[in-house]
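Student: With the input below, show me the fold.
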Amino acid sequence: MYTTPDLRSRGGADAYLRTCASRAVLDVIANKWVCLVIGALGGGTMRFGQLRRRLDGVTQKMLTKTLRELERDGLVRRVVYPSIPPRVEYSLTELGQSLIDLMGEIRIWSEAHIDDIQVARERYDDAAARDLDPIETTAVSSQRGNRVGR
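Tutor: A predicted model of the protein is given here:
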């Protein structure tokens, strides 16, 4: 497996170092809601309600938090139109658009391999359950009692 060489000597970022600021970017783009919001907005401008309906299961609080974080990071543009009630639209910035292919590939890979992951999880859980079978402790306890009494 290939990993990027240490770029510190050339003034570059190195996400493998705990002090590297690029880890904060990884924290953002590794979030499932970020991945799904980027994908949804890849199709064009959407209002909050449209996004919420598209992202089945997201809470209003989580969607608001995710959109604010993406706006702060320069990935999403928020436009408020002065109407009653106010109309708010979200779209990807140029920087956000540069993530569409990456996030799409992650989503596609996830959808394509869900069965493989499910089988692996079941296999792991079955093995873990077998490893946790209780050990007979009655004989050990009575032996200890005999030794102490001697």
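
Student: what's around residue 86, how many residues?
Tutor: Applying other Cβ atoms under 10 Å, we find 8 residues neighbouring residue 86. In short, each C-beta sits where N, CA and C put it, glycine included.

Student: Apart from its chain neighbours, what residue comes closest to it?
Tutor: Nearest residue to residue 86, sequence neighbours excluded (Cβ to Cβ, 6 or more residues apart in numbering): residue 80, at 5.6 Å.

Student: For that neighbour, name its beta-bridge partners.
Tutor: Beta bridges link residue 80 to residue 88, judged by DSSP bridges.

Student: and the gap between it and residue 95?
Tutor: From residue 80 across to residue 95, the span is 21 Å (Cβ to Cβ, to the nearest Å).

Student: Between the two, which has more neighbouring residues?
Tutor: residue 95 (12 against 9).

Student: what about the more buried one, helix or strand, and which?
Tutor: helix 94-97 (DSSP states H and E).

Student: Would you indicate which residues of the very next helix or strand once past that helix are buried?
Tutor: Where DSSP H and E defines the elements, the next helix or strand beyond helix 94-97 is helix 100-112. Neighbour-count burial for helix 100-112, counted by 16 or more other Cβ atoms under 10 Å, picks out 103, 106.

Student: Make 57 the first number, not 1, from now on.
Tutor: Fine by me, first position is 57 from now on; the one you just mentioned is helix 156-168.
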